[in-house]
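Trainee: Any chance you could fold what I've pasted below:
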Amino acid sequence: IMKSSVAGITADRRLQLLLVAFCFGAFIEGCAGFGSPVAIAGAFMIGLGFKPFHAAALNLIANTAPVAWGAIGTPVHMLATVTAMPEADMNAMIGRILPITAIIVPFWLVRAMVSWKETFEVFPAILVVGISFASMQFFWSNYMDSNLVDITAGLFSLLCTVLFLLFWKPKKIWRFEDE
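Mentor: Model prediction:
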């Protein structure tokens, strides 16, 4: 069901990568952490037709933006405990640094799979993914709590991207050479 849902949104592999590895992977990182996004989103991507090694490697890259709040904020909870700093302060400071990374990672992720030219063909979608994720990550970590940062940012980014893709399509649909 999930495979046909993503394939129904877009046939472009670059956009599938953003939706599954980055947005959905961030949601899974927030829920479970500890390598779950690479295993679950990676298997999802293999089901979509990505090669297993590429699926794993791309999911590892995608997981760099949400990993600080994995497993319902466990890394932030532990860091605050070990350093004896207030968790809210620690959470807010991390939430002011990592959104910058969250804007860069989707671009880097697509570029790791395709050429510069093919990356810039989907630049509007990359911006939607990165900015929506980063803005929710910043908001939730600074004004809410550390438990749901990745869950809300991943879902918000996924929703924004799907809505964006209803109105915008790349000029060329990119697929693997063997397709």
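
Trainee: any idea which helix or strand of the protein has the worst average confidence?
Mentor: One helix or strand of the chain scores below all others by mean pLDDT, DSSP states H and E: helix 2-9, with a mean of 78.

Trainee: which residues are in contact with that one?
Mentor: 15-16, 19-20, 44, 47-48, 162, 165 (Cβ atoms under 8 Å, 6 or more residues apart in numbering). Backbone N, C-alpha and C define where each C-beta goes, glycine included.

Trainee: so after it, what's the next helix or strand?
Mentor: Note on helix 2-9: by DSSP states H and E, the next helix or strand toward the C-terminus is helix 13-17.

Trainee: Give the other helices and strands that that following helix contacts.
Mentor: Here helix 13-17 is seen to pack against helix 2-9, helix 36-48, helix 87-113 when contacts are counted using 3 or more Cβ pairs under 8 Å, 6 or more residues apart in numbering; DSSP states H and E.

Trainee: ranking these by burial, who's on top?
Mentor: The highest average neighbour count among the helices and strands packed on helix 13-17, using mean count of other Cβ atoms under 10 Å, belongs to helix 36-48 at a mean of 20.

Trainee: Can you name every helix or strand that the helix or strand just after it contacts?
Mentor: Sequence-wise, the next helix or strand downstream of helix 36-48 (DSSP H and E) is helix 52-62. Packed against helix 52-62, as judged by 3+ Cβ pairs under 8 Å, 6+ apart, are the following elements: helix 25-31, helix 36-48, helix 87-113.

Trainee: Just put the ones you listed in CSV and tack on mean pLDDT.
Mentor: Putting the helices and strands packed on helix 52-62 into CSV (pLDDT from 0 to 100) gives the following:
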stretch, mean pLDDT
helix 25-31, 94
helix 36-48, 92
helix 87-113, 94
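
Trainee: what would those look like in a markdown table with distance to Met136?
Mentor: Below are the helices and strands packed on helix 52-62 laid out as a markdown table (distance: least, Cβ to Cβ, whole Å):
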| stretch | distance to Met136 |
| --- | --- |
| helix 25-31 | 10 |
| helix 36-48 | 17 |
| helix 87-113 | 9 |
